[in-house]
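Colleague: Predicted model follows, preceded by the sequence.
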Protein chains: 2
Amino acid sequence: MRKAQPVSPPTQEALGILAAMIRAARMQRGMTAAELGTRVGVSRGVIQRLEAGEPGTAIGTAFEAAVILGIPLFDVPTDQLGTLLDQKRALNALLPKRAFQASQSKPDNDF
Amino acid sequence: MRKAQPVSPPTQEALGILAAMIRAARMQRGMTAAELGTRVGVSRGVIQRLEAGEPGTAIGTAFEAAVILGIPLFDVPTDQLGTLLDQKRALNALLPKRAFQASQSKPDNDF
DNA sequence: AAGATATGACCCATTCATAGATCACATTCG
DNA sequence: CGAATGTGATCTATGAATGGGTCATATCTT
C-alpha cells in the first residue's frame, strides 16, 4: 500500500528548487535528459519527472543526479560530504537513542 | 522494470547526512518515529528507512519530514523557499530550453 | 528556411516501496 | 529492579513508480 503523497507547499517549493537546479546544471553542460538518465542509471522519463518536481521519485536518484552534475548538496563540495557526515554522526552519538513521549519535559530548543 | 539502484559513495554520504539530520532533529524534539510518520503522512517503517539512509524513499517524503522538523533545506529558512525558487526559475528562463549534443561535440573545426 | 532532435505528454506491463502487523531487544522511567 | 515502550527487523499483499515505447510539438543547428 503505497500512498500518493500530498506534500505541503514548502515541500513543493523545495522540490521545485532542486528540480530547477538540476535542470540548470544539466543545460549548462549541454547534456540531454536521456544522457543524464543513462549516467544516473534511470530512464529519460524519470529525469523528466525529477525536473518537474514530482515528489514520488526516489531520493537516491535525485541525489545521484545532483552529484553527477556537480551540484553541492548541503552547501558542501561533493568531496567533503564524508566530513560532514562524520560531524552529523557525532552529534547523534550525543543525543538519546530513543524519544519518549513522557520525557517531553525538554522544550524544543533548535540546534 | 525498476532497477534496484546502487548509488555512488558521495550520494550515499549525502543520504546519510540527511538521515542523521532528520534523526537528530526528531530526537531534539522528543518525537517518536511513529509520531513523525503520522505527521509526514507515512508509516513508522518509512521513517526508519529514511533515517537509515536508504536511497529508495520518495524525495517528497524526505523533504516533508525535513520541513516538519524545521530543518532548513538549501540553507534557507522554510519560509524563504519561495524566493529561492523564483531565483532558480529566473535562471532557467535565461538558459536554452533544449540541450543539443551537436553543440557540444564541435568545439574544434580543423587545422 | 528546412531539417534534425530534444522535450513533454501519454500509455502499459512490470516490479519494488509501502502499510500494517508481529517479534525481540534495549533503553528509559517509576 | 521491574515495567513500559520506542526501535529495529522481518514478513506479506498491494498499489504506485519505473522502463520503454510512441506521438506531437518546440526549438536548436546548418
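Modeller: Sure, I can see it. Numbers count the residues shown, from 1 in each chain, chains lettered A, B, ... in the order given.
Colleague: low-scoring stretches of chain A, by residue?
Modeller: Where chain A drops to pLDDT under 70, the residues are A:102-111.
Colleague: hey, which helix is longest across it?
Modeller: helix A:9-28 (DSSP state H).
Colleague: Residue numbers of chain A in contact with DNA strand D?
Modeller: With the criterion set to Cβ under 7 Å from any atom of the strand, chain A comes near DNA strand D through A:1-5, A:37, A:41-43, A:45-46, A:49, A:54-58, A:61, A:97-102. C-betas here are computed from N, CA, C, even on glycine.
Colleague: For the residue in chain A positioned nearest to DNA strand D, which non-adjacent residue is closest in space?
Modeller: As assessed by Cβ to the nearest atom of the strand, DNA strand D sits closest to A:Gly56 within chain A, at 2.9 Å. Excluding its sequence neighbours, the residue lying closest to A:Gly56 (Cβ to Cβ, 6 or more residues apart in numbering or on different chains) is B:Ala58, at 5.2 Å.
Colleague: Show the backbone phi and psi for the one you found.
Modeller: In terms of degrees, to the nearest 10, the main-chain angles of B:Ala58 are phi -70, psi 140.
Colleague: ok, now A:Val76?
Modeller: As for A:Val76, its main-chain torsions (degrees, to the nearest 10) stand at phi -130, psi 140.
Colleague: related to what we said a few turns ago, list the contacts of the residue nearest to A:Gly56.
Modeller: By Cβ atoms under 8 Å, 6 or more residues apart in numbering or on different chains, the contact set of B:Ala58 is A:5, A:55-59.
Colleague: these two touch, right, A:Arg26 and A:Leu69?
Modeller: Yes: contact criterion Cβ atoms under 8 Å: A:Arg26 and A:Leu69 qualify, at 6.1 Å.
Colleague: neighbour-wise, which of these two wins?
Modeller: Taking neighbours as other Cβ atoms under 10 Å in any protein chain shown, A:Arg26 and A:Leu69 compare with A:Arg26 leading, 22 against 19.
Colleague: Report the contact partners of the more buried one.
Modeller: Counting by Cβ under 8 Å, 6+ apart, A:Arg26 touches A:33, A:36, A:51, A:69, B:99.
Colleague: Who wins on neighbours among those residues?
Modeller: A:Leu36 (25 neighbours).
Colleague: elements contacting the helix or strand that one falls within?
Modeller: If you go by DSSP states H and E, A:Leu36 is part of helix A:33-40. Applying 3 or more Cβ pairs under 8 Å, 6 or more residues apart in numbering or on different chains; DSSP states H and E, we find helix A:33-40 packed against helix A:44-51, helix A:59-69.
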